[in-house]
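Peer 1: What follows is a protein structure lacking sequence information:
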């Protein structure tokens, strides 16, 4: 396999991996998140949260993937980039690492969102029936 | 399998072991803390799962991001030093993310617990 072919193949494999990992993260959190969203007992908020949640995990994963650039100080042209297999491999490592890091960041952001949801549910429960 | 790839896999294994140790060391007390704070079982599950994801993926991302670009004639100890350097990154990143998670859980407790105690 030439370096050119390796670059094309690895790039699309990493792109697919980013979507798969984002989706797996969503599936892992789906049930507890749905239960929490349902607890808000407000249709619009529940619907918005349920629609935002998958996007809020898959998009960051893809963002992590696309944020890695093959162009660096030492390699500015395509020929220079495909010159070394080790360089391409290190970029794949960087992409994978960036995908994982973005998912972690997204999960922490959702943790904060859930604090607001829980607080909202708590306030509603304490409010006397109108 | 090249020596660089073997070293990378060893580092990944170490990072998973570190994540496992941290997760199992904190899981029981974290669950108890969350049960006393969050009224919904789904909330407890969500925060426990997020802790699992945070600790494992942060350790794994640091390990995988480590580059083993050593010369072909590199000696055994050079690979050991490189793995140790990678392990340092794994521990540092895990520590930062656990700290951020701890801040979020503290905010969660401060926000919900005060009302529950009233």
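Peer 2: Arrived safely, thanks for sending. Note that the structure is a prediction, hence the values are computed from the model and not measured.

Peer 1: give me the low-pLDDT residue ranges for chain B?
Peer 2: Low-confidence segments of chain B, defined by pLDDT under 70, span residues B:1, B:114-118.

Peer 1: Kindly recompute the last result at 80.
Peer 2: Along chain B, segments meeting pLDDT under 80 span B:1, B:69-72, B:113-118.

Peer 1: residues from chain A in reach of chain B?
Peer 2: Contact residues, chain A versus chain B (Cβ under 8 Å from any Cβ of the partner chain): A:25, A:28-29, A:31-33, A:35-36, A:39, A:86, A:90, A:93-94, A:96-98, A:100-101, A:103-104, A:107-108, A:110-112, A:114-115, A:118-119, A:121-122, A:126. Every residue, glycine included, has its C-beta placed from N, CA and C.

Peer 1: what sits up against stretch A:103-112?
Peer 2: With Cβ atoms under 8 Å, 6 or more residues apart in numbering or on different chains as the test, stretch A:103-112 has contacts from A:21-22, A:25, A:29, A:33, A:53, A:56-57, A:60-61, A:64, B:47, B:50, B:53-54, B:57-58, B:61, B:97, B:100-101, B:104, B:107-108.

Peer 1: Chain A contacts on chain B?
Peer 2: Applying Cβ under 8 Å from any Cβ, we find that chain B lies next to chain A at B:8, B:38-43, B:45-47, B:49-50, B:53-54, B:57-58, B:60-62, B:64-67, B:69, B:97, B:100-101, B:104, B:107-108, B:111-112, B:115.

Peer 1: Now residue A:6: closest residue in space that isn't a chain neighbour?
Peer 2: residue A:88 (5.9 Å; Cβ to Cβ, 6 or more residues apart in numbering or on different chains).

Peer 1: lowest-pLDDT helix or strand in chain A?
Peer 2: Least confident helix or strand, chain A: helix A:78-81 with a mean of 88, by mean pLDDT, DSSP states H and E.
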